Every structure is written in C-alpha cells, then in structure tokens.
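In: what shape does this take:
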Amino acid sequence: MKIPLTYPKIPDGTNCPLKKCIAFEKLDGTNLHWVWDKGWRSFGTRRESYDYSDLGFQEFSDNHKLFGAAYYFGETYATKLEEFFLSKKEYTDAQVTVFTEFLGANSFAGQHEPNDHKKLILFDVQVVNDIISPEQFLSNFSKFPIAKVVYKGKYTGQFVEDVRNGKYPVNEGVVVKGVVDGQVYMTKVKTKAYMEKLKLQFKDKWQDYWE
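Out: Have a look, this model is predicted:
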C-alpha cells in the first residue's frame, strides 16, 4: 500500500541552526520502517506499508526480491525491542516507529548485490509523530545494532569540510542531529568521494539518488 513519506527528507547544511550536535554514519542502503503498537503492526519502505504478517512478508518479498528484511528484523530486533518497549512507560502506550537501514557490503545508492550477506542497522526511533532526540536514542538503544557515532561536539564549517574530504571513516557521509527549540533537527553531509562515485555510475541521473 502506498503511504505518505514515513521518514522526513533531510536538508543540507544551508543555514543550519545546529550548535551542539551528534553525527551518525549515513548508511548507504534502503530505509525500512517498522511500526509497533502493543505488538508489531506494519512495516515497509519510505513510501510503502505492509501488514506485519506472513501475507505481508510474502507481498513485500514479491515486490522487493532482493530483500530478506523481515527475516533479519525478526532475528535481530523484533523480540528484544518489544520487550524493551513494554518495560519503558514512554513507549508502552505509544505507537513507536523504528527506522532501519538494510544493506550489504556492496550496496550502493539503494541497489543491492543478491549474494551479499545483508543486515539491518537501527538509526532512528519515532514516538507517535516525533523522532526522539539523539541523546535519548543513544541512551535507550545503544544495546542494539545502531548507526555508529562519528562525532560529538559543535557543528562547524570545519567539521563539514572534514567530512567531505574524508577525514572520518565513513563511506557515504553523516547525518547530523541536534535539538533546536525543543525539536529534533537533522542535516546531512556527504563525502566528495561518494558524490563522485554517484556521478560516475549514474551520470545525468545522479541527482535522483541524492536523498
């Protein structure tokens, strides 16, 4: 089923209001979401939703033949996340959406090699309609496989240039998160090497893969 965009588009750093920030590795895979509301209810891509059921898993597999995502989620996250949600009052009575990146060693720009071993990495959690702060995310979910922290500190032009120039050990880049006026704000920085690879592989269509 087609749905509105589940995960917000992340702006670039133009006029970024962040000061204090935490930067996470931006993983180069496919964004998948999983909805819990006193049980796992649905899952899907950024623009599609399927029932969290055998029928939904089959429909998803039919539409996304390279994906074993439901299997990986069940093996890695489903039971342990549910136990955690039921143990914390801020999650127990809420609808919680967890966001994961699905990728393998040779995934690139949302495309995956069929024979690669795949994994799911948790990178954000939303309670009702609000993404939790990066501090809360790290405090609550570091026990799970999550996107690695690349940097903590002040958001500066020098930090942006360092990411672009490959100073940090990331492939695609980073997602920078902080809280501004009580709301989570995010921006992204991509490495020059990744952008050159994108332009080389997709030529005049590379901007279609910018997200």
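In: please make it C-alpha for all contacts and neighbour counts, starting now.
Out: Noted.
In: and the pLDDT at the closest residue to Arg41 other than its chain neighbours?
Out: Counting by Cα to Cα, 6 or more residues apart in numbering, Tyr52 is the residue found nearest to Arg41 once chain neighbours are left out, at 5.2 Å. Turning to Tyr52, the model gives it a pLDDT of 96.
In: can you count the residues close to Tyr52?
Out: 18 (other Cα atoms under 10 Å).
In: how close does it get to Ser42?
Out: 4 Å (Cα to Cα, to the nearest Å).
In: so who does the residue nearest to Arg41 touch?
Out: Trp40, Arg41, Ser42, Phe43 (Cα atoms under 8 Å, 6 or more residues apart in numbering).
In: out of those residues, who's nearest Glu82?
Out: Of all those, Trp40 has the smallest distance to Glu82: 8.2 Å, by Cα to Cα.
In: neighbours of that closest one, how many?
Out: Counted with other Cα under 10 Å, residues neighbouring Trp40 total 18.
In: quick check: phi and psi on it?
Out: Reported as degrees, to the nearest 10, the phi and psi values for Trp40 are phi -80, psi 120.
In: skipping adjacent residues, who's closest to it in space?
Out: Take Trp40 and drop its neighbours on the chain: the residue closest to it by Cα to Cα, 6+ apart is Tyr52, 6.2 Å away.
In: show me what counts as buried in the helix or strand bottoming out on mean pLDDT in the chain.
Out: Sorting the helices and strands of the chain by mean pLDDT, DSSP states H and E puts helix 192-202 at the bottom, at a mean of 85. The neighbour-count check on helix 192-202 (16 or more other Cα atoms under 10 Å) flags Lys192, Tyr194, Met195, Leu198 as buried.
In: cool, and stretch 179-196?
Out: Within stretch 179-196, the residues that qualify as buried by neighbour count (16+ other Cα under 10 Å) are Val179, Tyr185, Met186, Thr187, Lys188, Val189, Lys190, Thr191, Lys192, Tyr194, Met195.
In: ok, now stretch 37-45?
Out: Asp37, Trp40, Ser42, Phe43, Gly44, Thr45.
In: tell me where the chain has strands.
Out: Taking DSSP state E as the test, the strands found in the chain are 20-26, 30-36, 40-44, 50-51, 96-104, 118-127, 130-131, 149-154, 173-180, 183-190.
In: let me have those strands in a markdown table, extended by distance to Leu86.
Out: Formatted as a markdown table, those follow (distance: least, Cα to Cα, whole Å):
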| stretch | distance to Leu86 |
| --- | --- |
| strand 20-26 | 27 |
| strand 30-36 | 11 |
| strand 40-44 | 12 |
| strand 50-51 | 21 |
| strand 96-104 | 11 |
| strand 118-127 | 14 |
| strand 130-131 | 19 |
| strand 149-154 | 27 |
| strand 173-180 | 26 |
| strand 183-190 | 24 |
